[in-house]
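Q: generate a structure from the sequence data that follows.
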Amino acid sequence: MYCDNRRTLAYPDVRALIERSFEELFANLRLQPEAIIGVATGAIPHAAVLAERLGLPFGYVRASAKEHGRRNQIEGFSGQGSRIVVVEDLISTGGSSLAAAMAAAGAGMRVEAVVAIFSYGFPMAEEAFERESIPLHAIVHLDDLIAAAEAAGGLEASDRATLNEWMADPVGWSERRREDQ
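A: Next comes the predicted model:
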């Protein structure tokens with residue numbers, strides 16, 4: 001099951017709902033960042049809109065530094081010592097989000113949290129964030145998506161069985177599928 005958050009960009013009312021949900025999350029968690037940093041590429045538009053709504057500076061982190069120009073990995077805001085929140089669109093393993101947070105920390109920023117539109121809730125991601133002592137919060141979790149799909153009649157019993165298999169071992173499930181092809 002793939003949650004394609006890039007499609008949300010096409011719908012102003014959905015974008016607004018996402019940004020309001022982020023604002024509520026910040027209020028509930030008492031997050032008070034001095035800037036918003038997006039993870040390239042999927043989270044950049046949401047992070048930029050959120051920063052605008054909150055009246056905060058914005059920046060983003062690439063997976064690696066550019067090989068030309070200024071050779072920056074972080075663009076836009078990069079204030080050393082500033083409290084930031086990193087915004088991601090989707091968390092699966094947490095690798096790209098943690099890499100972005102670590103890059104920001106390496107540039108002297110203080111990462112208050114990573115927030116995401118959606119998280120699969122895989123234990124490997126949660127454990128990775130715990131190891132780095134970086135709080136992770138998502139607006140929507142896989143259970144929410146499954147419940148919505150079931151309520152809308154878009155999830156057959158056979159789909160649910162396949163989904164349960166996948167959730168139990170997503171990496172192994174994918175590897176077994178590749179071997180079968």
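Q: beta partners of the closest residue to V140 other than its chain neighbours?
A: Distance criterion C-beta to C-beta, 6 or more residues apart in numbering; nearest residue to V140, sequence neighbours excluded, is F118 at 4.8 Å. C-betas here are computed from N, CA, C, even on glycine. Beta-bridge partners of F118, counted by DSSP bridges, are L90, V140.
Q: tell me where the model's unsure across the chain.
A: By pLDDT under 70, the low-scoring segments of the chain are 1.
Q: related to what we said a few turns ago, distance check, the residue nearest to V140 against D144.
A: F118 is 9 Å from D144, where distance means C-beta to C-beta, to the nearest Å.
Q: the more surrounded of the two?
A: Neighbour count, other C-beta atoms under 10 Å: between F118 and D144, F118 has more, with 23 against 15.
Q: who's in contact with the more buried one?
A: Applying C-beta atoms under 8 Å, 6 or more residues apart in numbering to F118 gives the contacts C3, N5, D89, L90, I91, A138, I139, V140, H141, L142, L145.
Q: recalculate using a threshold of 7 Å.
A: When contacts are counted by C-beta atoms under 7 Å, 6 or more residues apart in numbering, F118 touches C3, N5, L90, A138, V140.
Q: select only the buried ones of the residues you listed in PyMOL?
A: Of the contacts of F118, the buried ones can be selected in PyMOL as follows, counting by 16 or more other C-beta atoms under 10 Å:
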select buried, resi 3+5+90+138+140
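Q: between the contacts of F118, which is closest to A47?
A: Nearest to A47 among the contacts of F118, counting by C-beta to C-beta, is N5 at 12.0 Å.
Q: in this structure that closest one contacts A116, no?
A: No. At 8.9 Å, N5 and A116 do not qualify as touching, with contact defined as C-beta atoms under 7 Å.
Q: shared neighbours of those two, which are they?
A: D89, L90.
Q: which of the three states applies to V86?
A: State at V86, reduced to three classes by DSSP: H, G, I helix; E, B strand; the rest coil: strand.
Q: kindly report the same for G38.
A: strand.
Q: can you check which helix is longest in this protein?
A: Counting residues, the longest helix found in the chain (DSSP state H) is helix 12-29.
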